[in-house]
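>>> what shape does this take:
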Amino acid sequence: MTFFLILVFLIQIGLIFYLRNKMLSERNEFQSKLKPLEEFIIELNSEHQKQSIQLQLSDDLKIKMKEVNVALSKNVFELNYQLLEDLYPKKEI
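The predicted model follows:
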């Protein structure tokens, strides 16, 4: 009877060591698969930041272009008005 209990105990100890080693190897395998995914996520994040900066610059450029367009339109209108005044002077009554 004691021989049987010792045998069961040794089998359980062996099973514990086997499962522990299997768990460690699976953990290492998981870490090796996870590493490329982490690098990919980091790369995507950096690309996202670059695109966000470009988008912000694009928005700033649109605002600046609108301001320049307004000023340019005003200058063109003033030049046309001045040209018309020079070409057709006012008649005095």
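>>> quick one: stretch 71-81 to chain centroid distance?
Taking C-alpha atoms, centre = their mean, to the nearest Å, one finds stretch 71-81 lying 43 Å from the centre of the chain it belongs to.
>>> which residue ranges of the protein form helices?
Using DSSP state H, the helices of the chain run over 2-87.
>>> flag the shaky bits of it, pLDDT-wise.
91-93 (pLDDT under 70).
>>> report the central residue of it.
In the chain, the C-alpha nearest the mean C-alpha coordinate belongs to residue 48, at 1.8 Å (C-alpha atoms, centre = their mean).
>>> residue 57 and residue 72: what is the separation?
Remark: distance between residue 57 and residue 72 (C-beta to C-beta, to the nearest Å) = 22 Å. Backbone N, C-alpha and C define where each C-beta goes, glycine included.
>>> what does residue 32 give?
Remark: distance between residue 32 and residue 72 (C-beta to C-beta) = 60 Å.
>>> do residue 13 as well
Distance from residue 13 to residue 72, by C-beta to C-beta: 87 Å.
>>> one more: residue 64?
Per C-beta to C-beta, residue 64 is found 12 Å from residue 72.
>>> so what's the residue count around residue 18?
Residue 18 has 10 neighbouring residues, counting by other C-beta atoms under 10 Å.
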